[in-house]
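Asker: only geometry, no sequence info:
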């Protein structure tokens with residue numbers, strides 16, 4: 001059993017934290033799917049053109065956009081918490 005701090009179990013606090021993080025990750029994943037699905041739903045022709053343009057990019061360019069996107073996502077999560 002975890003150490004007791006202020007009348008609560010230290011282990012329960014960790015479990016609550018992990019539950020909250022799990023909920024946050026599921027919410028973020030759901031929001032990402034909504035945003036990803038919005039463009040093909042609303043403007044399929046423009047989405048198809050963008051996807052065709054992506055095929056012409058080099059691997060390094062795609063990796064750079066992925067890096068920038070991940071960094072911005074982490075920044076937004078950090079600012080939100």
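Answerer: Structure received. Please read these numbers as outputs of a predicted model, since none were measured by experiment.
Asker: ok, and the residue most central in space within the chain, which helix or strand is that part of?
Answerer: The chain has residue 28 as the residue nearest its centroid, 4.9 Å off, counting by Cα atoms, centre = their mean. Applying DSSP states H and E as the criterion places residue 28 in helix 10-42.
Asker: before we move on, the earlier item: what is the neighbour count of the nearest residue to the residue nearest to the centre of the chain once chain neighbours are set aside?
Answerer: Leaving out its chain neighbours, the residue that sits closest to residue 28 by Cβ to Cβ, 6 or more residues apart in numbering is residue 77, at 7.4 Å. From N, CA and C alone the C-beta is placed, and that goes for glycine too. When neighbours are defined as other Cβ atoms under 10 Å, residue 77 has 12 of them.
Asker: you'd agree residue 77 is in a helix?
Answerer: Yes - counting by DSSP: H, G, I helix; E, B strand; the rest coil, residue 77 is part of a helix.
Asker: That one touches residue 25, doesn't it?
Answerer: No - under the criterion of Cβ atoms under 8 Å, residue 77 is not in contact with residue 25, lying 9.8 Å apart.
Asker: Count the neighbours of residue 44 for me.
Answerer: Neighbours of residue 44 (other Cβ under 10 Å): 10.
Asker: and it, what pLDDT?
Answerer: pLDDT for residue 44: 96.
Asker: same deal with residue 67?
Answerer: 97.
Asker: How about the secondary structure of it?
Answerer: Residue 67 is classified as helix under three-state DSSP.
Asker: Please tell me how far it sits from residue 38.
Answerer: 23 Å (Cβ to Cβ, to the nearest Å).
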